[in-house]
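Here is a sequence together with a model predicted from it:
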Amino acid sequence: MKFLLTNDDGVDAPGLAVLREVASQFGSTVVVAPDEEQSGASHRITDREAIAITAIEDQRYAVGGTPADCTRLGLLHLAPETTWVLSGINAGGNLGSDIYMSGTVAAAREAALLGRRAIAFSQYRRTRRESLNLDRMQRWAKRVLDELLHLPLEPGEIWNVNFPDPENPTNEPEIVFCPVGSGHFTLSCEETEQGFVYRGRYADRHREPGGDVDVCFSGNIAVCKIKH
């Protein structure tokens with residue numbers, strides 16, 4: 001198998017390094033990722049200016065564009081023989097309505113639009129200050145790939161995977177196939193000297209029973225099939 005790896009946290013993000021290390025156990029890898037963080041970019045593409053591509057090292061490229069740009073340039077130019085696109089591992093959850101705003105998910109969705117199979121990976125954290133447990137992420141990603149790489153996907157479908165809280169005492173959470181939850185988390189806006197900022201606590205969001213938010217917040221790995 002030939003994997004194209006990307007993300008929205010940037011080419012030097014630790015989650016991407018973990019994902020590449022795991023994917024390399026299943027086949028060859030090429031990294032094509034944004035040269036800076038692109039969180040919340042959704043499916044935006046760059047179509048009004050040229051996009052710079054910088055070769056960092058062999059089979060690793062930094063792109064001056066969005067996650068969707070990275071997938072598109074990877075499949076059209078840098079790695080056209082790709083069989084799977086893997087996006088992540090995002091430092092934060094992409095659950096419920098997040099899938100519409102997420103650059104991580106959009107990178108996988110772009111792959112589906114171009115006829116490739118894809119998986120988006122995210123690591124839920126209760127707060128942005130919570131550190132990532134890279135060893136657990138690596139172990140969980142390996143388990144998920146062991147299972148998902150052998151399951152069928154219809155044209156236009158992708159997998160969206162969310163790992164539970166890295167401080168969860170359960171070392172080996174269950175892999176649970178579930179629907180995308182319909183709820184979103186409650187936001188407010190606050191005026192500061194610099195302007196308005198959003199406020200909200202991700203961990204307090206609505207948990208639709210059996211949905212991806214509920215599964216992930218309950219300490220298991222939430223796996224959803226999404227169709228563009």
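Sure, I can see it.

so where's this protein shaky on pLDDT?
Scanning the chain for pLDDT under 70 picks out 168-171, 183-185.

In it, which helix is the longest?
helix 134-148 (DSSP state H).

Distance from the chain centre to it, please.
14 Å (Cα atoms, centre = their mean, to the nearest Å).

Repeat that for stretch 50-70.
Put simply, stretch 50-70 sits 17 Å off its chain's centre (Cα atoms, centre = their mean).

outside of it, which residues touch it?
For stretch 50-70, contacts defined as Cβ atoms under 8 Å, 6 or more residues apart in numbering pick out 6-8, 11, 28-35, 38, 41, 43-46, 73-74, 78, 87, 103-104, 106-107, 109-110. Just so you know, the C-beta spots here come from the backbone N, C-alpha and C atoms, and that holds for glycine as well.

same thing but at 7 Å, please
With contact meaning Cβ atoms under 7 Å, 6 or more residues apart in numbering, stretch 50-70 is reached by 6-8, 11, 29-35, 38, 41, 43-46, 73, 78, 87, 103-104, 106-107, 110.

cool, and stretch 128-135?
Pro14, Gly15, Val18, Ala91, Gln123, Pro166, Glu167.

on that earlier part again, show me the contacts of stretch 50-70 that map onto strands.
Of the positions in these, Thr6, Thr29, Val30, Val31, Val32, Ala33, Pro34, Ser87 sit in strands, assigned by DSSP state E.

Out of those, flag the one nearest to Asp98.
Ser87 (13.5 Å; Cβ to Cβ).

Adding neighbour count, secondary structure and distance to Val215, write the contacts of stretch 128-135 out as JSON lines.
Below are the contacts of stretch 128-135 laid out as JSON lines (neighbours: other Cβ atoms under 10 Å; DSSP: H, G, I helix; E, B strand; the rest coil; distance: Cβ to Cβ, whole Å):
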{"residue": "Pro14", "neighbour count": "13", "secondary structure": "helix", "distance to Val215": "24"}
{"residue": "Gly15", "neighbour count": "25", "secondary structure": "helix", "distance to Val215": "20"}
{"residue": "Val18", "neighbour count": "24", "secondary structure": "helix", "distance to Val215": "22"}
{"residue": "Ala91", "neighbour count": "24", "secondary structure": "strand", "distance to Val215": "20"}
{"residue": "Gln123", "neighbour count": "28", "secondary structure": "strand", "distance to Val215": "15"}
{"residue": "Pro166", "neighbour count": "18", "secondary structure": "coil", "distance to Val215": "16"}
{"residue": "Glu167", "neighbour count": "11", "secondary structure": "coil", "distance to Val215": "17"}
